[in-house]
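Visitor: Quick check, what structure comes out for this input:
(4 chains)
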There are 2 protein chains.
Amino acid sequence: MKSKSSYGIRSIDVARLAGVSRSAVSRAFTEGAYIADETREKVLKASEQLGYSPNAIARGLITRRSRMVGVVVADLSNPFYAGVLEATCLKLQQHGLAPLLLSCRHSQDLDSLIPQLLAYQVDGVLIAASTLSSTIATQCARAGRPVVLINRYVSYDAVSAVTCDNVGGGRAVADRLVAGGHRRIAFLAGLEDTSSSRDREKGFVGRLGELGIALHARDVGNYAYEGATAAVRRLLSKRPRPDAIFCANDTMAIAAIDVARNEFGLELPRDLSIAGYDNIDAASWQGYDLTSVDQNLDRMVATAIDLLLRLRDDPGSRPQHVQVPARLEVRGSTRAVPPAKSVRRLTKLRGAGGSRAA
Amino acid sequence: MKSKSSYGIRSIDVARLAGVSRSAVSRAFTEGAYIADETREKVLKASEQLGYSPNAIARGLITRRSRMVGVVVADLSNPFYAGVLEATCLKLQQHGLAPLLLSCRHSQDLDSLIPQLLAYQVDGVLIAASTLSSTIATQCARAGRPVVLINRYVSYDAVSAVTCDNVGGGRAVADRLVAGGHRRIAFLAGLEDTSSSRDREKGFVGRLGELGIALHARDVGNYAYEGATAAVRRLLSKRPRPDAIFCANDTMAIAAIDVARNEFGLELPRDLSIAGYDNIDAASWQGYDLTSVDQNLDRMVATAIDLLLRLRDDPGSRPQHVQVPARLEVRGSTRAVPPAKSVRRLTKLRGAGGSRAA
DNA sequence: TCATCTTCTGCACACGTGTGCATTACCGCA
DNA sequence: TGCGGTAATGCACACGTGTGCAGAAGATGA
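Guide: Alright, predicted model coming up:
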């Protein structure tokens, strides 16, 4: 009707209807542009009437700003990273940016996928739960697209990173377990080649050492439920049996609880304490009530996006590594104080019944 | 070096290096274009050397195909929809498409967000776990952007939908529970205004009716853990107490199990059978071992994307509603056969010990 | 050798927008 | 009236690409 059966309404159509030039239309949609209030009013009214909104593709071409951010998430089946993605979307939206998503398996080579993102001229790249090679990193840098990792970091100085204080989180768990009287303490690692798992272990084992306790056992669960069940079976079969396990994420901790209860008949936290990392929703479910380190997801995401935008807009800014503090969310899967061991041993020897005094 | 410190490499740069025209470069990257093998070879080599890949923004502008698809997910904290998103990404990638993500709270008005997606000239819109108003739907239709809902449907004929056979899934659960000897059967709805919850209830209650059983109780959990715990407390406080609950999704079913065990001291499936819907990862965890309806996520997503592409490419195609079959995954949270009631009652009266015969 | 056909290439236009620059309209003041 | 100054507007170019069309180069047949 207007021009081409209203299929695609262009700024020229709005201009004609409002009786102004195409430039005026453009300016009406540009924050802080030099335009009379009256004119802007007219333009917006005409736009409303025609259902016009500026073509973001064309705008991106001319401004060399696509207003899109590439977002890479390696493991969406992990609720923590689903949460990261959700928070990222919301935050980007608040900045008028749109997330162009790239999902991949854990071990898949991002290197072949990132160029695809760059082809879309994204203003930057956020990568959660994965890393990229230095080759691709420099390629991004050369193209002027800042890269910010979430929860991982690398040594190339072209890449920024925002992580939780994984070392600190590990230390906090160590303190908690030792305070609970545990001495035969085990660690269940995530993926061996991730900085997150390594740092949590470093903090945990380091603090145990400071407290004069050596790690009793160690295994690897690959951050997954299935991997963890097998690993926990091995851990709990060891003699003497561990009396506490720190798992590098919640999914594995939940697997640990399941195996401990159902396959070994243990009761938590009497026979065994278990702590996790991430503080996902399931950690607060009654069935698990899991002590877990909270990564402050919202703050991590907000920091990452702020950093990305600064790197994009401020030519003087340099890539950096930011840490966000961790917080231990204490729940029922770890005990607060040592049990009165002697008493319990006595009752056991005497048989059923017995003193319920301290 | 080449032109502008290699900041943005353009097709003209490649053309010069390869000693051909810019058109040849374009054709080298276009499937099935009219170009000599030798020339293409030259161009690709030069591109490799310069790290060139065509600017997808510019291409989108000229071809009027952005090769991006708007993907809307309402509830990423629900692992099922996180899975939908992951599958969607993978499938789109296989078709050379990129997902432009839009995440929103459940009740938020998509109507203000969808135009944002359209501004990016997406080739179509996929919406999971949410719907849109007819106003916006016609706006999409007028712009020639097909819309496909996943797991919801609406009556406007401009909008396609792919859903699981929710009625069939509800019926299958009814059959299973009745076969287990249950007669006081309750239903826990999700969100009242969703077609998914309504259809599951319709199938479930309808089949119960065919079997001569009236619904014993009903409540609403809003598809969330917290909402469900409160609702299940009410359900299990009713006298006589329900002996089976069908929850409209797994998250609520898990809440139901937790409340039943920890607050009412019930044992599953002896005292209570519980079934869910979605078959999320957590349903197979040892701690829950939840009978659940599998929606065949991959097939739903694949169907939705095929439909979207057909609507985009074939001018003769019309919006439609496709159903994917449901499959009941039977696990330990529902019993297979009625318990030998009389015997159990006898043993109870007599005290401990007693016949372990049938 | 010439005509015809095939195979490929390059020219030039188009996509829809933002923005620098020149120009216009208008107001106040001498 | 004339003039300088300010506020607003329109012109025209640029962004990087795909593709219709015409034409060139080479092959084939008469």
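
Visitor: buried stuff in stretch A:253-266?
Guide: A:253-261, A:266 (16 or more other CB atoms under 10 Å in any protein chain shown). All C-beta spots, glycine's among them, are computed from the backbone N, C-alpha and C.

Visitor: whoops, I mixed them up, stretch A:39-47
Guide: A:39-40, A:42-44, A:46-47.

Visitor: on that earlier part again, of the buried residues of stretch A:253-266, which are in range of chain B?
Guide: A:254-255, A:257-259, A:261 (CB under 8 Å from any CB of the partner chain).

Visitor: Redo those as a markdown table? Include pLDDT and secondary structure.
Guide: Below are those laid out as a markdown table (pLDDT from 0 to 100; DSSP: H, G, I helix; E, B strand; the rest coil):
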| residue | pLDDT | secondary structure |
| --- | --- | --- |
| A:Ile254 | 98 | helix |
| A:Ala255 | 98 | helix |
| A:Ile257 | 98 | helix |
| A:Asp258 | 98 | helix |
| A:Val259 | 98 | helix |
| A:Arg261 | 97 | helix |
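
Visitor: In chain A, mark out all the helices, start to finish.
Guide: A:11-18, A:22-28, A:37-50, A:56-63, A:79-94, A:114-119, A:134-142, A:166-179, A:195-210, A:225-237, A:250-262, A:297-313, A:341-350 (DSSP state H).

Visitor: before we move on, back to that, out of the buried residues of stretch A:39-47, flag the one nearest to DNA strand D.
Guide: Each of the buried residues of stretch A:39-47 was scored against DNA strand D by CB to the nearest atom of the strand, and A:Thr39 proved nearest at 3.2 Å.

Visitor: Could you list everything A:Tyr328 pairs with in the sheet?
Guide: One correction, residue A:328 is Leu, not Tyr. As for beta bridges, A:Leu328 partners with A:Val293 under DSSP bridges.

Visitor: how much space between it and chain B?
Guide: 22 Å (CB to the nearest CB, to the nearest Å).

Visitor: and A:Arg67, how many neighbours?
Guide: By the criterion of other CB atoms under 10 Å in any protein chain shown, A:Arg67 has 18 neighbours.

Visitor: Hmm, A:Met252 and A:Tyr223 touching each other?
Guide: Yes - between A:Tyr223 and A:Met252 there is a contact at 6.5 Å, judged by CB atoms under 8 Å.

Visitor: Common neighbours of the two, please.
Guide: By CB atoms under 8 Å, 6 or more residues apart in numbering or on different chains, A:Tyr223 and A:Met252 have these common neighbours: A:Gly190.

Visitor: Find the one among the helices of chain A with the highest mean neighbour count.
Guide: Most buried of the helices of chain A by mean neighbour count (mean count of other CB atoms under 10 Å in any protein chain shown) is helix A:250-262; its value is a mean of 25.

Visitor: What lies in contact with that helix?
Guide: Contacts of helix A:250-262 (CB under 8 Å, 6+ apart): A:78-80, A:188, A:190, A:221, A:223-229, A:231-233, A:236, A:245, A:247, A:266-268, A:271-272, A:274-280, A:282-283, A:288, A:290, A:292, A:333, B:285-287.

Visitor: Measure how buried the nearest residue to A:Glu192 once chain neighbours are set aside is and give me the count.
Guide: When the adjacent residues along the chain are set aside, A:Glu192 lies closest to A:Val220, with 6.1 Å between them (CB to CB, 6 or more residues apart in numbering or on different chains). Neighbour count of A:Val220, defined by other CB under 10 Å: 19.

Visitor: got it, and A:Asp281?
Guide: 20.

Visitor: so what's it up against?
Guide: Here A:Asp281 is in contact with A:79, B:77, B:225 (criterion: CB under 8 Å, 6+ apart).

Visitor: And the pLDDT at it?
Guide: As predicted, A:Asp281 sits at a pLDDT of 97.

Visitor: and what of the one 3 residues further on?
Guide: According to the per-residue confidence, A:Ser284 scores 97 in pLDDT.

Visitor: Spatially nearest residue to it, not counting backbone neighbours?
Guide: Counting by CB to CB, 6+ apart, the residue nearest A:Ser284 is A:Arg331, at 7.2 Å.

Visitor: Equivalent analysis for A:Pro325, please.
Guide: That would be A:Asp165: by CB to CB, 6+ apart, it lies 5.4 Å from A:Pro325.

Visitor: Which residues are in contact with A:Ser195?
Guide: A:152-154, A:163, A:166.

Visitor: Counting neighbours, what do you get for the residue nearest to A:Ser284?
Guide: Around A:Arg331 there are 17 residues (other CB under 10 Å).

Visitor: swap in the one 4 residues further on?
Guide: Other residues within reach of A:Arg335 by the criterion other CB under 10 Å amount to 21.

Visitor: Next: A:Val337.
Guide: 8.

Visitor: wait, does stretch A:96-109 contact chain B?
Guide: Yes - Stretch A:96-109 reaches chain B (CB under 8 Å from any CB) through A:98-103.

Visitor: what two of those residues are the furthest from one another?
Guide: The most widely separated members of the residues of stretch A:96-109 next to chain B, counting by CB to CB, are A:Ala98 and A:Ser103 (16.2 Å).

Visitor: Of these two, give the one with the bigger neighbour count.
Guide: A:Ala98 (27 against 24).

Visitor: Which residue is the nearest non-sequential neighbour of that one?
Guide: Using CB to CB, 6+ apart, the nearest residue to A:Ala98 is A:Met68, at 5.0 Å.
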